[in-house]
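> Prediction below, plus the sequence it came from.
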Amino acid sequence: MSFAHMTLPTQHVEATAQFIEDTLRYKRKAVPTNSPVELVWFDIGGGQELHVFYVEDFACGPHEAEFGRHVALFHPLADFPALRKRVQDAGGELIEPLRATPFQRLFFREPVNGYLFEVIDPARHTQILSELQQ
């Protein structure tokens, strides 16, 4: 089985979607016309999607953290420096990891809702696959 999609509820669909589009550079997808709420879908690669949708009175909880709930995504290592700049330019906050790892990653908090994102060097995925084959 593979991951199909994940959801990010928000009171501010367009602002949240714009931050994701501006920083992670995901492309928007067509959305169902029969949705009862405002929503934006993103293609995040490999047949996987990220759905941003309206929820009245939504607020992130206090557990958006490295050791709490966060969104972890593989992202090209060569783009990490530019991604850092895009995050800061879009009002996001870079967060230092609490734990050292043998692979590169970065954390940032998006400014609209407070979601925490972990961006991981895709070489980590290759390492995981290699470990599984042993």
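All right, it came through fine.
> isn't Val31 right up against Phe42?
No: using Cβ atoms under 8 Å, Val31 is not in contact with Phe42; the gap is 10.3 Å. C-beta: built from backbone N, CA, C; applies to glycine.
> Counting neighbours, go ahead and name the busier of the two.
Neighbours per residue, other Cβ atoms under 10 Å: of Val31 and Phe42, the larger number sits with Phe42, 21 against 14.
> Please, which helix or strand holds the more buried one?
Assigning secondary structure by DSSP states H and E places Phe42 in strand 39-45.
> Give me the buried positions along that strand.
39-42, 44 (16 or more other Cβ atoms under 10 Å).
> Packing partners of the helix or strand harbouring Arg28?
Assessed by DSSP H and E, Arg28 sits inside strand 27-29. Packing partners of strand 27-29 (3 or more Cβ pairs under 8 Å, 6 or more residues apart in numbering; DSSP states H and E): helix 13-24, strand 39-45.
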